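Engineer: coordinates for the following, if possible.
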Amino acid sequence: MAIGFTPAVEVTGANAALINSRLIDWEHVDAAGIESDQIKLTIDINGLEGLPSVDGKIGLRRGYKETGLVDAGEFIVTRTTPNLWPPQLRIVATAAPFKVADETKFKERRSASYGPTTLGEIFRELAGRHGFSPRIAPELDAMVVDHVDQSNETDMGFLTRIAKKYDAVTKPINELYVMGRRGQLKSLSGKTLPVQTLSVTNNNRPGERSFINASLDEDSRVKFKGCKTVWWDGASGKECVVETGQEPFKRERQRYQNEAEAKAAGEGALRKTKREAARLRIDAPGNPAFAAEGLIELDGSWPSYVRGQWSIDKVTESGSRQQGYRCVIEATYPSA
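Structural biologist: Below is the predicted model:
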């Protein structure tokens, strides 16, 4: 999308008029996986007597005056931290239902056993327990789970742990709870994310509004091209090995219930190894179109070693009177 020249931000919802009139700076984190979307606001409270309520809901719209503001969604205020000097209030709000009054015990640790069942059935049971509408990718839905234990874990932590076996991620998105491969979460929620193209200008120098900086972190260690997972064959009384990919192999420590589960875990581990072989970090002008789970295309203006498509894992937007509107993009290779 096109972006303008004059950054603008608007807070909506609880105490919006007060916050907008006294806003010093703001930050919005859009992340993949277990990390919930979050906003942080700093406001001037000099001369104020009252503070925003803890359980209030607020929204954030950001962008540019010339091209309009884009809604980042609704957030629940989870923490307010007043500071005596300078007289400021820090407001933290999250998109996940981490309210002080936790009616469904979303933050409570539990122990339970599941199986034989499917990954989809476990996911729907736990997501539905907390009032979410579950959405899961079809290839994950049918994954057979012979037995798995939830051991002193929150439901969210447990779902995240078992999703990692298959290089999948889970996340609450407004009233939905979604589970899918990286790059699928927004599509599962019904939100389409077009590929965003980013160019480096000819006059790319620090201090310029359009300045872009980037760093690439490549793992210089031996790259694994395969994965070995093991499962216990009760009939023969021996441990069996499943090889996925080719040498050199990475060996998973966990022993799985059956061959199908071991094979699925091996495929997930290999997919993750390939995806995380390089990590890209970009500091660029703010653009509300950049979003976690989306794809970014680095065009021909970039050096050849980073050119092409990357999968966005996290976007941290921030703005203030001094720094304008900037964002930091963290990305890895797209899922195969």
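Engineer: all contacts plus neighbour counts: C-alpha atoms, from now on.
Structural biologist: OK.
Engineer: what about the helix or strand in which residue 126 is found, distance to the chain center?
Structural biologist: Using DSSP states H and E, residue 126 sits within helix 119-129. Offset of helix 119-129 from its chain centre (C-alpha atoms, centre = their mean, to the nearest Å): 20 Å.
Engineer: whichever helix or strand comes after that helix pairs with which strands, and in what direction?
Structural biologist: Using DSSP H and E, the next helix or strand after helix 119-129 towards the C-terminus is strand 133-136. As defined by DSSP bridges, the strand partners of strand 133-136 come to strand 176-181 (parallel).
Engineer: quick one: the strand it pairs with to helix 119-129, angle?
Structural biologist: For strand 176-181 against helix 119-129, the angle by axes from the mean of the first three to the mean of the last three C-alpha atoms, to 10 degrees is 160 degrees.
Engineer: in PDB, list the C-alpha atoms belonging to strand 176-181.
Structural biologist: Output of strand 176-181 as PDB, limited to C-alpha atoms (Å, rounded to 0.1, in the frame of the first residue of the first chain):
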ATOM      1  CA  LEU A 176     -11.100 -16.700  17.200                       C
ATOM      2  CA  TYR A 177      -8.400 -19.100  18.200                       C
ATOM      3  CA  VAL A 178      -6.400 -20.400  15.300                       C
ATOM      4  CA  MET A 179      -3.800 -23.100  14.700                       C
ATOM      5  CA  GLY A 180      -1.900 -23.500  11.500                       C
ATOM      6  CA  ARG A 181       1.500 -23.400   9.700                       C
END
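Engineer: any stretches of the stretch 51-200 of the chain with poor pLDDT?
Structural biologist: 52-55, 96-104, 174, 183-192 (pLDDT under 70).
Engineer: quick one, strands of it?
Structural biologist: 57-64, 68-83, 88-94, 110-114, 117-118, 133-136, 144-145, 148-153, 168-173, 176-181, 196-198 (DSSP state E, counting those that start in this stretch).
Engineer: just send those strands back as TSV, with mean neighbour count and distance to residue 210 too.
Structural biologist: Shown next, in TSV, are the strands of the stretch 51-200 of the chain (neighbours: other C-alpha atoms under 10 Å; distance: least, C-alpha to C-alpha, whole Å):
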stretch	mean neighbour count	distance to residue 210
strand 57-64	20	14
strand 68-83	18	18
strand 88-94	21	29
strand 110-114	12	49
strand 117-118	16	49
strand 133-136	20	38
strand 144-145	19	50
strand 148-153	15	45
strand 168-173	23	31
strand 176-181	24	33
strand 196-198	15	11
